[in-house]
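Novice: build me a structure from this.
(chains A and B)
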Amino acid sequence: MKRYAIIGNGTAAASCIEGIRSIDADGSITVVSEEPHAVYGRPLISYYLENKTDLEHMHYRGSGFYEENCCQVIYGARGVEIDREHKQVLLDDGSKLPYDALCVATGSRPFIPPMEGLDTVDKKFTFMTLDDTLALEQAVNNNSRVLIVGAGLIGLKCAEGLRDRVGSITVCDLADRVLSSILDADCAAVVQQHLEAKGLRFLLGDSVALFDGHTARMKSGAEVSFDVLVLAVGVRANTELIKDAGGNVNRGITVNEKLETSLPDIWAAGDCTEGFDASTGENRVLAILPNAYMQGHTSGVNMAGGAAVFDTAIPMNSIGFFGLHIMTAGTYTGEMTQEKSDGGIKRFFVDDGRLKGFILIGHTERAGIYTALVREQTPLSEINFDFVKKIASNTVFSEEIRKKKFGGVV
Amino acid sequence: MKRIYVNEEWCLGCHLCEYNCAFANSGLKDMAYALKDKTIYPRIHVEGDDKITFAVSCRHCTDPICVKSCIAGAISKTDGVVKIDRSKCVGCLTCVLVCPYGALSPGEDGIMQKCELCLNNACGAPACVTGCPNKAIVYEEREDKQ
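Specialist: Numbers count the residues shown, from 1 in each chain, chains lettered A, B, ... in the order given. Predicted coordinates for the structure are as follows:
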């Protein structure tokens, strides 16, 4: 009977379990979960603050998930070292977990740059886990003045979640625009305006020079008074287990399309990895949930002796703030072409006759048709791109392709 | 398993399937009461241009990317049917971003809804198909990849 070990208990771990069980019903699976919770939808934490979900509905899988899959979960423990010689993982509680196939799904952690005076701030939080969220929930009240450092996806979702619970929210970022990892300057300006109309205040192109209790002195000279601080500067992949074991690590754990690490019998999946980005042809960390699922499932199938490959990952995000939806995918290289209308912008980036990426704000209907054009690198000469730019529609495909899509089993 | 398939050459573009879908999923007994003067949020949509029209609903894919991409774990596949647990959905629209068929759209409340082949409502079989006047959509077994 094969012994499977999974370090981590997020989405990649859950799908790794499902991948293993799609092939091997009998092997033993042990999951090491640092967080004291069954797998939950990590991106839901802001929706929890917003009262759009609750603890019961945040479970990523049903209550019988581990039992049904015959998994043992060790809660509150962390893998600290891989002993490759004896094929076991040493845990921080001193125990040893033997494995025949190991998946490292350790996720990422908040990156906190050195900031002067940070130790003088009494209420400071990161926003990555359910426990972070519950602690933040306890710390705020209707009068709280909140300062969020970081206007990226995490910082702004946190701001959205908190808005109706606190007095005021200021968001600062070193970048000169919001969501700088997924939006260009024009689109970021549209989103910023929307967020400001919803009550958020921004200090962009600025950073904290010094914290002094409840005051942040900014590099620009501005001062921000706050009661609660949220640090959402960025994240770092948890690569140490593999690195210390002598495996290849870059910004994430290096994996191939089978999700193998450079070490024998060890796979890795999820936000801790650096995999292939099909939209650029280069390797990078793609810390998004769909990717974690697909990587985890692929690794699980392969750990159990199957032959799965995941080589179609692209960056993509669907994110909304106070009713305004934003969708992005791919890379923003090549020629930009734009469709503007009431309440929305669509920007497309075309290179070499193929759609490389897009940004949609407001109008997101049937956006998956665009995503498929990016993922599959469909030659735009084969479709009526001028039409589809305005309206994402299956009419632009040939009758033959439509017959396959809607007249066949897909 | 039986799925909904499109015969686009027969589609009249009459949108009856959209109304039948909205009615079937309204839980109400009277169609006029359910739909009159209301914006409808059907789970099937007629697409088209000046040359061709056809109705698009969930393909219940063999390997559904929406299931794998849902951040809430709200979409699942049971007995071949891709279903959504609306109590878990937070309306992030990631499924809209990934569905290559453009088959998903949110309901009036911003929470996702999708075609579940009318197996969970009083119809028991797709109302869009039953009501199609020209057999432009059919509900039948076709060769499965699996």
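Novice: going by C-alpha atoms from here, please, whenever you check contacts or count neighbours.
Specialist: Fine.
Novice: please enumerate the helices of the stretch 51-200 of chain A.
Specialist: A:65-68, A:130-139, A:153-162, A:185-197 (DSSP state H, counting those that start in this stretch).
Novice: pLDDT wise, what is A:F321 at?
Specialist: pLDDT for A:F321: 98.
Novice: what does B:E143 give?
Specialist: Looking at B:E143, the pLDDT reads 80.
Novice: how far away is it from B:T62?
Specialist: 12 Å (C-alpha to C-alpha, to the nearest Å).
Novice: most centrally placed residue in the chain?
Specialist: Since you didn't name a chain, this refers to chain A. Chain A has A:I288 as the residue nearest its centroid, 3.1 Å off, counting by C-alpha atoms, centre = their mean.
Novice: let me rephrase: I mean chain B.
Specialist: Geometric centre of chain B, nearest residue: B:C115, 3.0 Å, by C-alpha atoms, centre = their mean.
Novice: three-state assignment of that one?
Specialist: coil (DSSP: H, G, I helix; E, B strand; the rest coil).
Novice: spit out the contact partners of the residue lying closest to the residue nearest to the centre of chain A once chain neighbours are set aside.
Specialist: Nearest residue to A:I288, sequence neighbours excluded (C-alpha to C-alpha, 6 or more residues apart in numbering or on different chains): A:D271, at 7.1 Å. The contact partners of A:D271, by C-alpha atoms under 8 Å, 6 or more residues apart in numbering or on different chains, come to A:A105, A:T106, A:G107, A:S108, A:A237, A:G252, A:V285, A:L286, A:A287, A:I288, A:A292.
Novice: host element of A:D271?
Specialist: Following DSSP states H and E, there is no helix or strand that holds A:D271.
Novice: next: B:V67.
Specialist: helix B:65-69.
Novice: which element follows that helix toward the C-terminus?
Specialist: Going down the chain from helix B:65-69, the next helix or strand is strand B:75-78, by DSSP H and E.
Novice: CA atoms of that following strand as PDB?
Specialist: Extracted C-alpha coordinates of strand B:75-78, given in PDB (Å, rounded to 0.1, in the frame of the first residue of the first chain):
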ATOM      1  CA  ILE B  75     -19.500  24.000  -8.300                       C
ATOM      2  CA  SER B  76     -19.400  20.300  -8.400                       C
ATOM      3  CA  LYS B  77     -20.200  17.500 -10.800                       C
ATOM      4  CA  THR B  78     -22.400  14.600  -9.700                       C
END
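Novice: any idea how far the residue nearest to the centre of chain A is from A:S108?
Specialist: 11 Å.
Novice: so who does the residue in the stretch 101-250 of chain A that chain B sits nearest to touch?
Specialist: Using C-alpha to the nearest C-alpha, the single residue of the stretch 101-250 of chain A nearest to chain B is A:K157, 11.4 Å away. Residues near A:K157 by C-alpha under 8 Å, 6+ apart: A:S46, A:F321.
Novice: 10 Å - rerun?
Specialist: A:K157 sits next to A:43-47, A:49-50, A:127, A:151, A:163, A:319-322 when contact means C-alpha atoms under 10 Å, 6 or more residues apart in numbering or on different chains.
Novice: what do you get for A:A222?
Specialist: Contacts of A:A222 (C-alpha under 10 Å, 6+ apart): A:L203, A:D206, A:S207, A:V208, A:A209, A:A216.
Novice: remind me, longest helix of chain A?
Specialist: Taking DSSP state H as the criterion, chain A has its longest helix at helix A:289-303.
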